[in-house]
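Student: coords below, sequence missing:
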């Protein structure tokens, strides 16, 4: 059975009729209407459902896709029943599923696109409509060499901010080589059996031709390399010897490395000061803030999701400064100009701001690496959905650990906190919330080992640091939030002075020991909060503006 959705209902013989309600809220409709101005050719969304299978998600998917047809005449939504001739033609067995112009492209959503992955869904519509993948020229050239078919599955969860980027990688490849590539986004929490079949415990998780290739968001270049070679690739540490010299440099006043709150704020202030700037971010925009379930101490918001806050900052920043997501800086050269060599190009700037943030600190115990992505997680927002109704441990005692423990409890996980001290370092408000939610706490204890079988975690071995006694605490998942290590390796390679803890040393104006080099945010240590990162980003940008106008280092030389 195949039925076209028609948003207009007959009013014949009726004196009045209520306006048809929208599923998509007004602010989102406004954004989508603007985005859909880029559409060129018609897009057919083939929605496949099966009664009795994921019914709530079926209804939401139909409502969402049907609303899209009301926003633009370029999109048509057709509802199909699984088991009928059309679904069989396209080999659809899971409900809900959505295909995009399936007579040409083999791109599909398996599950409802109503979380963070909705962004990749909209981008897929635009790509298909314009018949443009959006891949870089070098990626297109490499993909042209593909001679064998590929089935790419990217497993996602609704709140994972990393997932849309990896799905877009797959969809771009699917548009570029629609003759050989099937690209599929799989909503893992709606397809638990499929997630279990591929041992999915963290997202985004990418499977190519039924083989796990990567866990996490990859830069476009690495994704294409894995797609071609069917071999996991390591993050590039350097460019081939002559490539950097071959790339034509783009000249700016200020290069900003990092797309978190410090880097984005620096971009706003720099551009407003008249400095031609660029923001380079190797991963996703927002940094670790984007992974914070709820932010309750940022002025102006009683509470707001970390991802939502960073979306607002990003939206403002991109009106001022170009922001390159997925473009990592591999090398910095300091001379008359400051040169930044990335995985995609070269940039020459008069000044540089380092705002690379910090990364997760690991426990360094047996089993941690083995079960990473299979029960061990550093991101409750990304992976918490896999542990609803399950027993898990949260290791740590700071703000992040308690915030994540509360988030997991709210999801329905049976969470206990393991902390090496007898008191928390977290804010009092969070401590009171943990007490109110009756979350168990194992005090004065450290994790010695994460244990399990070949497929999953079965427990953690913990040691009481006072009694020296060890015991096994049975859990199915371990979440770790024990602090951060600064991403300062790049800075140390060209002589920026670091503290004993590896953080970049700066003065009150965010200047480093090298003239024209500044640093801001978590990479500088200190009070690592969103509000201080924003403040330091603004300070660094204004310092760069003032120093370039009145170079203090030249005054020192001429004395």
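Tutor: Structure received. This one's a predicted model, so the numbers in the text were calculated from it and none came from an experiment.
Student: mind checking how far the spatially most central residue of the chain is from residue 267?
Tutor: Geometric centre of the chain, nearest residue: residue 162, 2.1 Å, by C-alpha atoms, centre = their mean. To residue 267, residue 162 is 22 Å away according to C-beta to C-beta, to the nearest Å. Just so you know, the C-beta spots here come from the backbone N, C-alpha and C atoms, and that holds for glycine as well.
Student: swap in residue 514?
Tutor: Counting by C-beta to C-beta - residue 514 and residue 267 are separated by 21 Å.
Student: what do you get for residue 383?
Tutor: Applying C-beta to C-beta to residue 383 and residue 267 gives a distance of 31 Å.
Student: pick out whichever of those two has more residues nearby.
Tutor: Of the pair residue 383 and residue 267, residue 267 is the one with more neighbours under other C-beta atoms under 10 Å, namely 31 against 26.
Student: so the more buried one sits against residue 276, correct?
Tutor: No: assessed by C-beta atoms under 8 Å, residue 267 is found out of contact with residue 276, at 11.0 Å.
Student: look up the pLDDT of residue 6 for me, please.
Tutor: On pLDDT, residue 6 comes in at 39.
Student: any idea how far residue 288 is from the residue nearest to the centre of the chain?
Tutor: 11 Å.
Student: what does residue 294 give?
Tutor: From residue 294 to residue 288 the distance is 14 Å (C-beta to C-beta).
Student: so between these two, which is more surrounded?
Tutor: Neighbour totals were compared for residue 294 and residue 288, and residue 288 leads with 21 against 16 (other C-beta under 10 Å).
Student: helix, strand, or coil at the more buried one?
Tutor: Secondary structure, DSSP: H, G, I helix; E, B strand; the rest coil: residue 288 is helix.
Student: OK, contacts around it?
Tutor: Residue 288 is in contact with 260, 357, 358, 484, 522, counting by C-beta atoms under 8 Å, 6 or more residues apart in numbering.
Student: likewise residue 122?
Tutor: So residue 122 contacts 32, 35 (C-beta under 8 Å, 6+ apart).
Student: what about it, which SS state?
Tutor: helix.
Student: cool, and residue 207?
Tutor: strand.
Student: that one against residue 155, yeah?
Tutor: Yes: at 7.3 Å, residue 207 counts as touching residue 155 under the criterion of C-beta under 8 Å.
Student: shared neighbours, the two?
Tutor: residue 198.
Student: the two: which has the busier surroundings?
Tutor: residue 155 (30 against 20).
Student: tell me the helix or strand right after the one helix or strand the more buried one maps to.
Tutor: Using DSSP states H and E, residue 155 falls within strand 150-156. As assigned by DSSP H and E, the chain's next helix or strand after strand 150-156 is helix 163-176.
Student: list the contacts of the next helix or strand after that following helix.
Tutor: Sequence order places strand 181-187 as the next helix or strand after helix 163-176, per DSSP H and E. Strand 181-187 is contacted from outside by 57, 106-113, 115, 117, 120-121, 146, 149-158, 167, 170-171, 173-174, 194-195, 227, using C-beta under 8 Å, 6+ apart.
Student: what angle do strand 181-187 and strand 150-156 make?
Tutor: 20 degrees (axes from the mean of the first three to the mean of the last three C-alpha atoms, to 10 degrees).
Student: make 49 the first number, not 1, from now on.
Tutor: Sure thing, new numbering starts at 49, so read that last one as strand 229-235.
Student: in its sheet, what does strand 229-235 sit against?
Tutor: strand 155-158 (parallel), strand 198-204 (parallel) (DSSP bridges).
Student: gap between the shortest one and the chain center?
Tutor: On the basis of C-alpha atoms, centre = their mean, to the nearest Å, strand 155-158 sits 20 Å off its chain's mean C-alpha point.
Student: let me see the mean pLDDT of that strand.
Tutor: Rounded mean pLDDT across strand 155-158 is 96.
Student: also stretch 266-285?
Tutor: So the average pLDDT for stretch 266-285 ends up being 81.
Student: report the buried residues of that stretch.
Tutor: The neighbour-count check on stretch 266-285 (16 or more other C-beta atoms under 10 Å) flags 266, 267, 268, 269, 270, 271, 272, 273, 274, 275, 276, 281 as buried.
Student: before we move on, what about stretch 127-146?
Tutor: So, applying 16+ other C-beta under 10 Å, buried residues of stretch 127-146: 127, 128, 130, 134, 135, 140, 142, 143, 144, 145, 146.
Student: check the gap between the fourth one and residue 97 for me.
Tutor: Right, the one you point to is residue 134. 12 Å.
Student: repeat for residue 598
Tutor: Counting by C-beta to C-beta, the gap from residue 598 to residue 97 is 66 Å.
Student: wasn't residue 72 part of a strand?
Tutor: No: Residue 72 is assigned coil when assessed by three-state DSSP, not a strand.
Student: the nearest residue to it once chain neighbours are set aside: what secondary structure?
Tutor: Distances taken as C-beta to C-beta, 6 or more residues apart in numbering place residue 115 nearest to residue 72, at 4.5 Å, with adjacent residues excluded. Secondary structure, three-state DSSP: residue 115 is helix.
Student: and what of residue 176?
Tutor: helix.
Student: would you mind confirming that it makes contact with residue 223?
Tutor: Yes: using C-beta under 8 Å, residue 176 is in contact with residue 223, at 6.7 Å.
Student: neighbour count winner among the two?
Tutor: Between residue 176 and residue 223, residue 176 has the larger neighbour count (other C-beta under 10 Å), namely 26 against 23.
Student: how many other residues sit next to the closest residue to the more buried one other than its chain neighbours?
Tutor: Distances taken as C-beta to C-beta, 6+ apart place residue 148 nearest to residue 176, at 4.7 Å, with adjacent residues excluded. Residue 148 has 24 neighbouring residues, counting by other C-beta under 10 Å.
Student: what of residue 81?
Tutor: 11.
Student: from residue 220, how far off is it?
Tutor: For residue 81, the distance to residue 220 - C-beta to C-beta - is 24 Å.
Student: same question, residue 312
Tutor: 24 Å.
Student: ok, now residue 367?
Tutor: On the measure of C-beta to C-beta, residue 367 and residue 220 end up 25 Å apart.
Student: with neighbour numbers in mind, choose between the two.
Tutor: residue 220 (28 against 9).
Student: is it true that the more buried one touches residue 188?
Tutor: No: using C-beta under 8 Å, residue 220 is not in contact with residue 188, being 9.6 Å away.
Student: name the residues contacting each of those two.
Tutor: Common contact partners of residue 220 and residue 188 (C-beta under 8 Å, 6+ apart): residue 181.
Student: before I go, just wanted to say thanks for your time.
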